Structures are given as C-alpha cells and as structure tokens.
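Novice: Dropping the sequence and predicted coords here.
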Amino acid sequence: MNLKQRFTFYFSLLFSVLLAVVLLVVFSIFSQFRKNEFKLRLEEKAISTIALLADLNVSKQDILAIMDENTIDKLYNDRILVFGNDQNLIYSNLSGTAPILSAADLVLLKANGEFFVSENEIDRFGIQRKLHDNTTMYVLITAEDKTGHRHLWFLSYLLFGAFLVGTGSVILLARSLSGRILLPLKQIQQRITNISEKRLHIRLEEKQNNDEIDKLAIAFNQMMERINESYRQQKEFTDNASHELRTPVTRIIMQIENLMKLETHSDQTLQYLNSMMMDSNQIADTLSSLLLLSKIDSRDISGFLPPCRLDEVIFEAMQFISKAYPDLRILFDIENNSENEIDIELKGDPNLLRIVFINLFKNAYLYSTDKLINVRLIQESEHLQVRITNNGELIAPEDRESLFKAFTRGRNAGNIQGTGLGLRITERILTHHNAKINYEALDQDINCFVITFA
C-alpha cells in the first residue's frame, strides 16, 4: 500500500467512524425524543380521561367512549383502564387489541405515582391523580406508536444512506485530495529516478514555499552536491593514480626485460625474473583496467552513438585475440530467427564494444579445456543476441551472483592470472549501450555468456 492509498484509507476510515458516531447519536436522540413525545401523548390522554370521568355521571360513560373513538389525538391499538380508590374498575376501553395491563403495573403505579415502559414497540404508561373529593384515580394506558416508529425507521434508512453517500464521497474526495497533495512527492520520485552516475547534476526543483516538501528538496540537493563532489574526487583519484602508476610499472617491466637479455643467469634467477615479470604485467593490466573503467564511468555515451555492424566488431576482436593466442580456435555463425532480412547493425561505440568481445574471448580461451570458442550472432524479431560458449569447468553457483563485480574471481580461476576487472568492464560498457549480459550453464562442462542488445 503506497502513501496515497494509506492517506485515502486512514482519512476515509477516520471520517466514516466519526460520521457513524454522529449518526448513531442523532438516531439515539431522535429515538429518545419519540419516546418522550409519545409519553406526553399518553399523559395527556390519561389526564383528559380523568377529567372527563370526574365530570360525567356513570350513566354517561358511553359519551366518554364515543369521544375516545372520535378524538383527533386517537392512539393506535390503545387500551385504557381506570381504577378507583378501592381498585375497582371505573372505565375500560375494550376496543384495543394490545396486551392487557397486568396487576403488577397497578402496584408499580401506586408505588411510584407514575411510570412509563417501552417494550417491543408497545408503550405502557400509568398515572394517578387526586380529585377534589380526596378520591384517587389510577389510569393505565397501553398503545402502539405506529407513526413514531415509522418515522424512526425512515430516519434509520435516511441516516444509513447518508452514511454510505458520505463515506463514498469522502473516499473519492480523499483520493483526489491525496493525489494533489502528494503530487510534488511523485514529481520528486520521478526526478530522482532519472539520477544516475551519469546524471549527478540533476537537482530537485526548489519552489521557495518553505513547506516540508520544499525543505526535503533543499536537503536532497545539498546531499547530491556532497555525493557529486565525493564521486568526482574518487574518479579523479582513480584516474590520476592509475595514470601515474603506469609509468613506473612500465619502466620496471622494461628493466626486467633488459636484465634478462644482458647476461646469462642461473635457472633460479631466471625463474625469479619471470615471476617478477608476470607480477609486473599483472599490475600493469590492473592499472590499465582501472583507467579504462574510470574513463567509461566518466564518459557520457548515452547521447548520439554512431551506427556500427556488430559482426565487424566481433571479427576485429577475433583477429586481435588470435594474435595473442595463436592456438585459439573460434567458430562463428550468424542465425536469423526473425521474419525480416538480416540486419545486424546497431548504434554503439565500436572501440568499446571491441573491448567487450576481446575480454569475453580471452576468458573463454583461458577457462576452456580444448581452446575452442563458439560464437553465435542471433537476430531476433526485437533484439540482437550474441552467445559465446566454451567447454570448461562451470562457474560455481555461489560465484555467479558476484560474477560482474570488481576484483572478484571465481573458484575455477585456479592458477590462471587475472585482475578480476574484465567482466566488470564488460558489464559497464554494455550498460552504457543499454545491453545486458548473463551467464548460463548449458551442461556439465559448457559455459555460455549471453549478450542481448535491445
């Protein structure tokens, strides 16, 4: 879940909880208001009934019943019981079908003077009043508040709908709002993605808003300035050190060669001199590789690249490596797996690409058992691929992850001399050409390096 989604989720959740609490409070208040309103109606009904009974003769109770049936404030499904001092029934409304009030209600009424109970949508109310002749009337009323409950149910549906609409609207608004709020961060992320070792000059835009995002941009730009300066100093040191060390190493090699030619040496002395020569040559190769790697990293070739034929680059590398290793055999083949005519031209620096294949051919020769290399140039529908295979000991699986790291040599190197920079230089050159290199173990003793040009 990204930052935008988290902002939308938590903001919507917080609003939904608050809205639900508010709506529940509104519903609870209205429910209590309905009870109080209906209680007032029952109380008015009871008081009016007591007043009429006090003024009418017993023989005129039929008038009271008629008035009860035709009153404007008629209660639904009501039952009215009126008792005197001796708990004798004075008046009863037999038209209602609600449950008959129990004797316990009369006891409760005498004890409290008044009560109101609401159960299962049926409300019961009781009240007692003293008359002018010091007699007491007890009125028990039970009725059903159809209108109030209907309003309550309507309100519940209305509030639930308001909750759904409100929550949905807030989710949409929060998503839109979070997108606008986080847009500067998205722009920062896109700009940071474009930063590489070749684009350390890229900086974030500072809008002078003095907000958190602008402060983040300022801090990031300051950090990039320090990184760029450190990177520049490192490259400069590597370049200068490699360049300055090549001269004395070359002199050492020449002096050793001259010393070996000047006079006759013992076999042990010649062995020492040959070992010194090999070590000096390895130092020279290491310095040359470091200098080349520094130049590759400091050179921007991501812009215009001239077109070159890949087969010609491979042929030139084959000729060069054959002079260094006369016993090397190379089998070269071109394969077309696309529906188009053969087209093995691409945009690249031929000098750098030549170094790639020289390094790979050299490794294939040094680590092969039969000094035979198979090179296959394959044209696919969307890319060019070069597969270089040889017979020899496989690279251990635990060494394959660090295969293209600097100064890393596999367990199969044995006594084979090397700097551990050849594959690193190869990988860096191919990266500048938007190409990839991978290692595959095709069989128990077949190694394969696959280069893919997009």
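Specialist: Perfect, I can see it now. Numbers count the residues shown, from 1 in each chain.
Novice: after the lowest-mean-pLDDT helix or strand in the chain, next one along is what?
Specialist: None of the helices or strands of the chain scores lower by mean pLDDT, DSSP states H and E than helix 61-70, at a mean of 51. Next helix or strand after helix 61-70 toward the C-terminus (DSSP states H and E): strand 76-83.
Novice: Mind listing what's buried along that following strand?
Specialist: 77, 78, 79, 80, 81, 82, 83 (16 or more other CB atoms under 10 Å). Glycine gets a C-beta too; all of them are placed from N, C-alpha and C.
Novice: could you dump the residues you listed to a markdown table with pLDDT?
Specialist: What follows is the buried residues of strand 76-83, written out as a markdown table (pLDDT from 0 to 100):
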| residue | pLDDT |
| --- | --- |
| 77 | 77 |
| 78 | 77 |
| 79 | 81 |
| 80 | 82 |
| 81 | 84 |
| 82 | 84 |
| 83 | 84 |
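Novice: Out of these, which is nearest to residue 147?
Specialist: residue 77 (12.0 Å; CB to CB).
Novice: Test my guess that that closest one contacts residue 145.
Specialist: No. The pair residue 77 / residue 145 is not scored as a contact, 9.7 Å apart, by CB atoms under 8 Å.
Novice: Give me the nearest residue to residue 91, chain neighbours excluded.
Specialist: Nearest non-adjacent residue to residue 91, counting by CB to CB, 6 or more residues apart in numbering: residue 82, 4.0 Å away.
Novice: if I pick that neighbour, what's in contact with it?
Specialist: 49, 50, 53, 89, 90, 91, 92, 137, 138, 139, 140 (CB atoms under 8 Å, 6 or more residues apart in numbering).
Novice: Go through the helix or strand the last one falls within and flag the buried ones.
Specialist: Of the helices and strands defined by DSSP H and E, residue 140 is found in strand 136-144. Applying a neighbour-count criterion of 16+ other CB under 10 Å, the buried positions in strand 136-144 are 137, 138, 139, 140, 141, 142, 143, 144.
Novice: Who are the packing partners of that strand?
Specialist: helix 3-55, strand 76-83, helix 103-112, strand 122-130 (3 or more CB pairs under 8 Å, 6 or more residues apart in numbering; DSSP states H and E).
Novice: Just want the angle from the third one to strand 136-144.
Specialist: Right, helix 103-112. 130 degrees (axes from the mean of the first three to the mean of the last three CA atoms, to 10 degrees).
Novice: Identify the residues contacting helix 103-112?
Specialist: With CB under 8 Å, 6+ apart, helix 103-112 has contacts from 83, 87, 115, 124, 126, 127, 128, 138, 140.
Novice: what's the answer for the last one, then?
Specialist: Residues outside strand 122-130 that contact it (CB under 8 Å, 6+ apart) are 35, 38-39, 42-43, 46-47, 50, 98-99, 101, 105-106, 108-110, 113-118, 136-145.
Novice: And the buried ones among those residues, selectable in ChimeraX?
Specialist: To isolate the buried ones among those in ChimeraX, judged by 16+ other CB under 10 Å, type:
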select :35,38,39,42,43,46,50,98,101,105,106,108,109,116,137,138,139,140,141,142,143,144,145
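Novice: What's the local residue count around the closest residue to residue 42 other than its chain neighbours?
Specialist: Leaving out its chain neighbours, the residue that sits closest to residue 42 by CB to CB, 6+ apart is residue 125, at 3.8 Å. Around residue 125 sit 25 other residues, with neighbours defined as other CB atoms under 10 Å.
Novice: cool, the one 4 residues further on as well?
Specialist: Neighbours of residue 129 under the rule other CB under 10 Å: 17.
Novice: Quickly list what it is bridged to.
Specialist: residue 137 (DSSP bridges).
Novice: what about it, distance to residue 43?
Specialist: 11 Å (CB to CB, to the nearest Å).
Novice: Show me what the residue nearest to residue 91 is bridged to.
Specialist: Residues in beta-bridge contact with residue 82 (DSSP bridges): residue 91, residue 139.
Novice: quick one: it from residue 131, how far?
Specialist: Distance from residue 82 to residue 131, by CB to CB: 12 Å.
Novice: Please enumerate the shared neighbours of these two.
Specialist: Taking CB under 8 Å, 6+ apart as the contact rule, residue 82 and residue 131 both touch 50, 137.
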